[in-house]
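> I need the structure of the sequence given here:
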Amino acid sequence: MRFGLAALVFSLYLGISLIYFGKIGDYRKIYFGIGTDPFGFIWFLNWWPWAITHGVNPFISQYVWYPEGFNMTWACSIPIGALAIWPITALSNAVVSYNILSLLAPALSAWSGFLLARYLTDNTPAALIGGYLYGFSSYEIGRMLGHLNLNLAFAVPLFVLFVVQRFRDDISGPRFVATLAVTLLVQLGLSTELLATSCFFGAVVWLIFLGCAKPAGRHRYWALARETMLATAIAMLLAAPFLFFVAKGWGNVPVQINPPEFYSADLLNYLIPTPLTLLGGTLFDEITSRFTGNLAEQGAYLGLPIILIFVLQLRDISARAYLKPLLISLISILILSLGPSLHVAGLSTHIWLPWRLALNLPLIHQALPSRFSMYVSLVAAVTVALWLAAASQNRVRAARFALALVACLFVAPNPARFQWKDLPLAPFFEADYIAKTLGHNRNVLVLPYGATGPGMIWQWQSGMAFTQSGGYVGLTPPSASNWPVLESLTNAVVGPTFANDISGFCVAHNVSFILIGPGTTQPLIDAMRALNWETTDNHGVQVLRVPDQRSLRFYYVTGDYWPADKWMGKTARIVTHRQPLELRITGQYRPARIEPVEIRLADDAGILRFLIGNGDSKTISIPANASITVTANATFGVGYGSRQMSVTLSLEPK
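Next comes the predicted model:
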């Protein structure tokens, strides 16, 4: 295919993206998307160039969740995207880079879908429609709400393109291996989730095509598999530093990050559009409001015209050998996207589906089934393009293209649902002013906290002038997740132990200041004011100075401890500071059939051991200024992905 045609097609798709989603304005001060997800991606696009130029390890950032920091390979940090657009970031800022990538994402996906369809059909009009149906699919427009890592899905059609080219001997083995390895590397640096699911679904589709192939031709599939594995090995070797930190952070990842049952595609979502689609609007709100997941995750919609095209394809299934495995692949991926059990109009039928078996697979079980609709959209787009290209008569061709154009209209996005907003900059966080107010290299708490506010933007605005014990980069680290004060900071649920909890958290995390920015809820402001810590008002931000720890009374528990229900896992550490405690350990809720657990209490004075069974309890006095480690020799869990628990701990200040 000529370069000029490819460039023209990309320009066309980019123009469509700008019509749907673009806006004229100062891209340095406005951003595209909803919620606080865009703030994280702006921060990521700044982080990689900033860390590299400042001699900081870019894989582990201590600028969030200080002092433990956060492993950036387990965040949606898009390092390849950040490095690719570094020149724009350097010339302008990361907000401009984020906006440009957001507008490029559907155009790039449509373009790569076009390249695949054009190669398979040798028909430019058919490929144009196929590329559009993939790049502007319901999956893609859902990601336009702020999921940049999942929106940059252009590598997936390229995987298929290179594989088919090699299968047809249109490229040599060495070129295929090299090209595929580089593309795998690019996808790893954009989204590890998409890479993992691409490999999984690639294996599924390969098995389907292998099973449908004639015995004499199956050796070609095995040869293709060997070369693909070689390309994967080369990509892993090139990505060794990244993968090292992936492995290093593996132990800090929850058994299940998000519930796959909730983030599964609803069967009716393939037929009924959500408000993100122009055709849908509010017409089907009564049904779509009950779909599982959130609006961004409800991207399965294909529309009746595409489904009709699938049905019409069945008439040619015996005449075209590729149709049978292609349609089987489509149905298989669609079923997997429905998750562990079938949901219809938001109601779980409790009918088990094949994805339940994948819940026991390493790594892949973390993938959310609703996101598999991207692969359904890709197979659907290719199927439509092949159907269009197969028309031999002018009248038939015209009718098919008319139906395909209607299919494009059915999935057109609703521009009213996609927003541009002013960046929530605050004068206080200008680099010069914050350095003068706080000093250099200070660690702070920023309110509104985490995902509830623009703390990541304010940190970026300051030129990374401070670290923060918090942030919004995806997961909450296990070392921080069990602190009860995070519930108060995030949800403004302030309980009677708030003063104790915030004092302990600040001391344990070396917090010097608490910055109460615009948008903080009044109950949380009142609770902070009630601490009677030194407070000043600066440019709309209240600055609380954390007192010297020698004047504070507090206790805290770290380790495997869940304060909401007081369960302990394997190990917990209890620290008291000028605050004696009464510790009560009980096995009241332990299953009766389980043997008593041995509990060990260790401090500077020695080790105390005793057994706790169902219904047993023991009370121990802990003096002020103590540090005690509580360890259980065995734990128990209930169901898949459950916490491992041992006994309950109740602490009462004396």
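
> okay, CA-based contacts and neighbour counts for the rest of this
OK.

> Pull the contacting residues for S329.
Contacts for S329 (CA atoms under 8 Å, 6 or more residues apart in numbering) come out as 204-205, 208, 379.

> Buried ones in the helix or strand hosting it, by neighbour count?
Taking DSSP states H and E as the definition, S329 sits inside helix 323-337. For helix 323-337, burial by neighbour count (16 or more other CA atoms under 10 Å) applies to 323-327, 329-330, 332-337.

> Give me the longest helix you can find in the protein.
helix 94-121 (DSSP state H).

> Show me where this protein dips below the pLDDT cut-off.
Across the chain, the ranges flagged by pLDDT under 70 are 1, 638-642.

> per the record, what domains does the protein have?
3-32+93-250+260-417, 33-92+424-552, 554-653 (automatic domain parsing).

> Quick check: nearest residue in space to I328, chain neighbours excluded?
Of all residues not flanking I328 in the chain, I208 sits nearest, at 7.4 Å (CA to CA, 6 or more residues apart in numbering).

> check contacts around that neighbour.
Counting by CA under 8 Å, 6+ apart, I208 has contacts 325, 328-329.

> Make a markdown table out of these and add distance to D285.
Output for the contacts of I208, formatted as a markdown table (distance: CA to CA, whole Å):
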| residue | distance to D285 |
| --- | --- |
| P325 | 36 |
| I328 | 32 |
| S329 | 31 |
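
> Would you mind checking which of those is nearest to S17?
S329 (29.1 Å; CA to CA).

> Quick one: the strands in the stretch 251-400 of the chain, in order.
341-344, 347-352 (DSSP state E, counting those that start in this stretch).

> go on, the stretch 451-600 of the chain?
466-468, 513-516, 535-538, 541-545, 554-562, 567-577, 581-586, 597-603.

> hmm, who's touching the second one?
Counting by CA under 8 Å, 6+ apart, strand 513-516 makes contact with 438, 442-448, 525, 541-546, all of which sit outside it.

> among those, which two are most distant?
Put simply, by CA to CA the two of the contacts of strand 513-516 set farthest apart are R442 and I525, 21.6 Å from each other.

> Out of the strands of the stretch 451-600 of the chain, which one sits most buried?
Ranked by mean neighbour count, those are led by strand 466-468 with a mean of 24 (mean count of other CA atoms under 10 Å).

> Show me what it is in contact with.
62-66, 440-446, 459, 511.

> if you set the cut-off to 10 Å instead, what comes out?
Contacts to strand 466-468, defined as CA atoms under 10 Å, 6 or more residues apart in numbering, come from residues 61-67, 69, 431, 434-435, 438-446, 450, 455-456, 459-460, 509-514.

> Ok, stretch 311-322 next?
Stretch 311-322 is contacted by residues 209, 212-213, 305-307, 323-327, 383-384, 386-387, 390 when judged by CA under 10 Å, 6+ apart.

> Check which residues of it are buried.
Q313.

> What of stretch 196-214?
196-199, 201-202, 205-206, 208-210, 212-213.

> Let me have those in a markdown table, adding secondary structure and distance to A499 as columns.
Formatted as a markdown table, these follow (DSSP: H, G, I helix; E, B strand; the rest coil; distance: CA to CA, whole Å):
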| residue | secondary structure | distance to A499 |
| --- | --- | --- |
| A196 | helix | 44 |
| T197 | helix | 45 |
| S198 | helix | 48 |
| C199 | helix | 49 |
| F201 | helix | 51 |
| G202 | helix | 53 |
| V205 | helix | 57 |
| W206 | helix | 59 |
| I208 | helix | 60 |
| F209 | helix | 63 |
| L210 | helix | 64 |
| C212 | helix | 67 |
| A213 | coil | 69 |
